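*Asks:* need coordinates for the below:
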Amino acid sequence: MRKYSVLMFAVLALALLSATAFATTINSTTVSGNQLTIGGVGFNGSPTVTLNGKMLTIVSSTSTQIVATINPVPPTGSYRLTVKSGKASAFAYVTVPSSPAIVAQATFVNQSQQVVGTFTPTTDGIFRISYYADSPDTSADWAFAFQWTDEVGVREIIDPSMAYLSSNFVERVHVVRSLAGQPLTYSSSGPGPAPYSWYITIEQLQ
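*Replies:* Below you'll find the model as predicted:
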């Protein structure tokens, strides 16, 4: 009888350890724009993700992290998240922050040469580019350009320089459709001759 009890205990312990090893657990969630990143363990095989009852498209998946696309992004609030991996499943609540989300920022102070920067979206989306540039005087003949890629091809906007505008500052807002994995490039072109500063913020609207 004692041997039987010991054997049963060993079997139960092994079953418990096995269940723990293959358990699906959500440890963290992050929403950035329309991208949801889920951290945890046990995301094996081909997991599925639903948010507020709607199936999400998975961009990438490992045993410890899932990246999924939320489309459309629901209003600000808390929503039930379900991750299923085989027969195992886990639940959590995801907070969707107030949109839009800032996905990139850049600051170039007291520049006297051309500058170039790049932001590469991880998901297709609508992005708003806001910037402000200033200079000590109106001879700052620097123009500001943006290049991105949508479903049709490469697009470009070149804004007039401060010298052209007869002003010692320029501010602009552009809304663009940019594809995942394709660089969104911002650059200045001159020559000056006066120095300038340039402040850029990129937000994901959708």
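
*Asks:* residue 60: neighbouring residues, count only.
*Replies:* Residue 60 has 10 neighbouring residues, counting by other CB atoms under 10 Å. To be clear about C-beta, it is placed using only N, CA and C from the backbone, and glycine gets the same treatment.

*Asks:* ugh, typo on my part, it should be residue 182
*Replies:* Using other CB under 10 Å, residue 182 has 15 neighbouring residues.

*Asks:* what does residue 52 give?
*Replies:* For residue 52, the neighbour count with other CB under 10 Å is 15.

*Asks:* one more: residue 125?
*Replies:* 22.

*Asks:* how about residue 177?
*Replies:* When neighbours are defined as other CB under 10 Å, residue 177 has 15 of them.

*Asks:* then residue 44?
*Replies:* 14.

*Asks:* that one: what's it in contact with?
*Replies:* Contacts for residue 44 were tallied using CB atoms under 8 Å, 6 or more residues apart in numbering; they are 22, 24, 63, 85-86.

*Asks:* among those, which two are most distant?
*Replies:* For those, the farthest-apart pair by CB to CB is 63 and 86; their separation is 12.1 Å.

*Asks:* what bits of this structure have low per-residue confidence?
*Replies:* 1-22, 99 (pLDDT under 70).

*Asks:* ranges for the helices of it?
*Replies:* Secondary structure of the chain, counting by DSSP state H: helices at 2-21, 162-165.

*Asks:* buried set for stretch 125-142?
*Replies:* By 16 or more other CB atoms under 10 Å, the buried positions in stretch 125-142 come out as 125, 127-131, 133, 135, 138, 140-142.

*Asks:* distance from it to the middle of the chain?
*Replies:* 24 Å (CA atoms, centre = their mean, to the nearest Å).

*Asks:* who's the residue nearest the centre of the chain bridged to?
*Replies:* What sits nearest the mean C-alpha location of the chain, by CA atoms, centre = their mean, is residue 32, with 4.7 Å. As for beta bridges, residue 32 partners with residue 35 under DSSP bridges.

*Asks:* and it, how far is that from residue 203?
*Replies:* To residue 203, residue 32 is 11 Å away according to CB to CB, to the nearest Å.

*Asks:* overlap of the contact sets of the two?
*Replies:* Residues touching both residue 32 and residue 203 (CB under 8 Å, 6+ apart) are 101, 103.
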